[in-house]
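this is a predicted model, with the sequence first.
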Amino acid sequence: MEKYRVDLSVEEREGLTRMVSAGKAAARKLTHARILLLADVTNGPGHSGDDIVAALGVGPRTIARVRKQFVTEGLETAVSRKKQPLRPDKIKIKGDIEQELVRLACGDPPEGRCRWTLELLADELVALGHVKKLSPETVRQALKKTTSRPGSSKPGACRPRPTPSLSGGWKT
């Protein structure tokens, strides 16, 4: 006996059937719709979790989660994808630290190096005491966000200086 029984109304069943037959939605949404259609107990006992696993190739935990969401939160929540929460506390490089990173990246590299690397920038920010620890990937993402690539034609933190043309082209 399942803990959460899926009992679809006629309108819900028709809507899910139309969605599945059209096949124009996201794969996860279609799979969740198929789970609900197979688990429906309106016209009989419905399929067991093992039958649905065999038919759709999804895990039993997914089936249990979709059933629970349908019963507790409704059809739209059970079919639609759950949005990931914002995690501003996970962003290590922002504000003044980001400005310092851009200033370092656009400045001269350390003695004996021809350019900054992501590892060098991460180590420098740690050495300056801005953060306790920092991975090169975090530095890469922050620099990508600011589009601070020397030599890039796009606007960003490190804009290249225009060089005069030596080709002697036409002057008007």
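Sure, I can see it.

how near is the most centrally placed residue in the chain to residue 90?
In the chain, the residue lying closest to the centroid (C-alpha atoms, centre = their mean) is residue 84, at 8.1 Å. To residue 90, residue 84 is 12 Å away according to C-beta to C-beta, to the nearest Å. The way it works is simple: take the backbone N, C-alpha and C, and place the C-beta from them, glycine included.

ok, now residue 53?
35 Å.

more crowded one of the two?
residue 53 (16 against 7; other C-beta atoms under 10 Å).

my read is the more buried one is in a helix, agree?
Yes - membership of residue 53 in a helix is supported by DSSP: H, G, I helix; E, B strand; the rest coil.

now it: closest residue in space, sequence neighbours ignored.
residue 60 (5.7 Å; C-beta to C-beta, 6 or more residues apart in numbering).

report the contact partners of that neighbour.
49-50, 53 (C-beta atoms under 8 Å, 6 or more residues apart in numbering).

got those as TSV, with pLDDT and distance to residue 94 columns?
Putting the contacts of residue 60 into TSV (pLDDT from 0 to 100; distance: C-beta to C-beta, whole Å) gives the following:
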residue	pLDDT	distance to residue 94
49	83	45
50	86	49
53	90	44
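
closest one of these to residue 119?
Taking C-beta to C-beta as the measure, residue 119 lies nearest residue 53 of the contacts of residue 60, at 45.9 Å.

show me what contacts the closest one?
59-60, 63.

ditto for residue 58
With C-beta under 8 Å, 6+ apart, residue 58 has these contacts: 31, 35, 52.

and the residues you listed, which is the shakiest by pLDDT?
Ranked by pLDDT, the contacts of residue 58 bottom out at residue 52 (89).

I figured it hits residue 32, correct?
No - at 11.3 Å, residue 52 does not count as touching residue 32 under the criterion of C-beta atoms under 8 Å.
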